[in-house]
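Colleague: This is the structure alone, sequence omitted:
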Ligand SMILES: Nc1ncnc2c1ncn2[C@@H]1O[C@H](COP(=O)(O)OP(=O)(O)OP(=O)(O)O)[C@@H](O)[C@H]1O
């Protein structure tokens, strides 16, 4: 899944970047390798999320991109220009994790202040302020003291300040952190509008759900390393995912007239023998049903013989038992096989919903694998 080849349209290109914070013998503090060969790239129009647990190196990477600190190895560029150079910096808007706007400001006077910092002239400041206050939903509260603003409103004002000089790239440090659900959704709406307007956005977050909702592309970091990077659909989907497991939710009915497990509806009380010798290819399938319980079992070379679902009917009526189960298997053929067997036993399929892996599944697996690697 790792894909680090920069192209001509790369807005951000990071290549084997390293950053070591030097320790101090006086303070008995050792060196910290915050970035250990980080490579990633973001293209124009992407919303690129940097996801990682505390201490992963996300803020350090953003600081290097903004030129706040220098790298100790590797290379980082924005728009093909060295990260931190004034030409690159001019084309970037930045929203820090907690922007402190002086309490005496109104939203409009704050934007005037930031516009002047960006050396914009007064007519441009007035025009951009109108556009941006409208975009972030503060047009009607523009002359109110920011003292009365909620955290969400302050964050939206922060987005407006980052956009004053109409940058090509927006870098957002934890843009929804500390906001309530309403505030988060409002900030997300603004980011989505910017994405639709074609802005490139690079954001850093440890909120998995937010990243999944907003981002088109992603890098997962832990302990100074990129564990995976690519389009978000690949990170959470089944196709091309680092895990090929398919999660399936299945709802079906079986006739109640079937005898109990020892002499069940699948001939000898079970279906399949799990050996793979039953014409189901390499993926054997086993299962058993009684009036009360149904057991689905899949034998696959990758996972071995395992009971994947064992459960009670969710409803009974008019000669039918209804079951709902959710299970994971490595091969699509196994899903087809289960469906065929249910039909073959006189059952009928009500629903079959393939589930994507959640980003959390992918994230937790990668971080756990890294922890295991470090432990060995
Ligand atoms: N100025 C510094 N001096 C020494 N070590 C530092 C400094 N800044 C960060 N670190 C260390 O570098 C590592 C990466 O920190 P960084 O803040 O980049 O991670 P992060 O992913 O942004 O974490 P968080 O989500 O907690 O902000 C951590 O071990 C941190 O303690």
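Modeller: Okay, I see it. Please read all numbers here as calculations on a predicted model, not as lab measurements.

Colleague: And the closest residue to the ligand within the stretch 201-350 of the chain, its phi and psi?
Modeller: Per CB to the nearest ligand atom, the residue of the stretch 201-350 of the chain with the smallest distance to the ligand is residue 206, at 5.5 Å. Where you see a C-beta, it was placed from the backbone N, CA and C, and this is true even at glycine. Note on residue 206: its backbone torsions stand at phi -120, psi 10 [degrees, to the nearest 10].

Colleague: can you count the residues close to it?
Modeller: Residue 206 is flanked by 16 other residues according to other CB atoms under 10 Å.

Colleague: my guess is it contacts residue 54, does it?
Modeller: Yes - assessed by CB atoms under 8 Å, residue 206 is found in contact with residue 54 at 7.0 Å.

Colleague: coming back round to it: distance check, the residue of the stretch 201-350 of the chain closest to the ligand against residue 137.
Modeller: Per CB to CB, to the nearest Å, residue 206 is found 26 Å from residue 137.

Colleague: Tell me the pLDDT of residue 241.
Modeller: Note on residue 241: pLDDT of 43.

Colleague: again with residue 4
Modeller: The per-residue pLDDT reported for residue 4 equals 44.

Colleague: Provide the partner residues of residue 221 in its beta bridges.
Modeller: Per DSSP bridges, the residues bridged to residue 221 are residue 226.

Colleague: What's the local residue count around it?
Modeller: The burial count for residue 221: 26, using other CB under 10 Å.

Colleague: and it, what is it in contact with?
Modeller: By CB atoms under 8 Å, 6 or more residues apart in numbering, the contact list for residue 221 reads 38, 50-52, 56-58, 61, 227.

Colleague: from those, which are also near the ligand?
Modeller: 52, 56-58 (CB under 6 Å from any ligand atom).

Colleague: Would you format those as CSV with neighbour count and secondary structure included?
Modeller: Converted to CSV, these look like this (neighbours: other CB atoms under 10 Å; DSSP: H, G, I helix; E, B strand; the rest coil):
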residue, neighbour count, secondary structure
52, 25, coil
56, 24, coil
57, 24, coil
58, 24, helix
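
Colleague: For those, name the two members farthest from one another.
Modeller: Greatest spatial distance in these: 52 and 57, 7.1 Å, computed using CB to CB.

Colleague: What's opposite residue 351 in the beta bridge?
Modeller: According to DSSP bridges, the residues that bridge with residue 351 are residue 251.

Colleague: Number of residues surrounding it?
Modeller: Residues lying near residue 351 (other CB under 10 Å) number 9.

Colleague: show me what contacts it?
Modeller: By CB under 8 Å, 6+ apart, the contact set of residue 351 is 249-252, 324.

Colleague: Of those, just say which sits nearest to residue 375.
Modeller: The closest of these, once distances to residue 375 are taken by CB to CB, is residue 249, at 34.7 Å.

Colleague: thinking the closest one is in contact with residue 350, fair?
Modeller: No - Residue 249 is beyond contact range of residue 350, at 10.7 Å (criterion: CB under 8 Å).

Colleague: The ligand contacts on the protein?
Modeller: So the chain meets the ligand at 21, 32, 34, 52, 54-60, 206 (CB under 6 Å from any ligand atom).

Colleague: all strands in the stretch 201-350 of the chain, in order from the N-terminus.
Modeller: Applying DSSP state E, counting those that start in this stretch to the stretch 201-350 of the chain gives strands spanning 217-222, 225-231, 246-255, 270-271, 284-289, 294-300, 304-311, 315-317, 320-329, 348-355.

Colleague: Pick out the shakiest of the ones you listed, pLDDT-wise.
Modeller: strand 270-271 (a mean of 42).

Colleague: need the helix or strand of this structure with the lowest average pLDDT.
Modeller: When the helices and strands of the chain are compared on mean pLDDT, DSSP states H and E, strand 270-271 comes out lowest with a mean of 42.

Colleague: what comes up buried for the helix or strand residue 38 falls within?
Modeller: Using DSSP states H and E, residue 38 sits within strand 32-43. Under the neighbour-count criterion of 16 or more other CB atoms under 10 Å, strand 32-43 has 33-36, 38-43 buried.

Colleague: can you check stretch 228-236 too?
Modeller: Going by neighbour count (16+ other CB under 10 Å), the buried part of stretch 228-236 is 228-232, 234-236.

Colleague: Alright, I will stop here.
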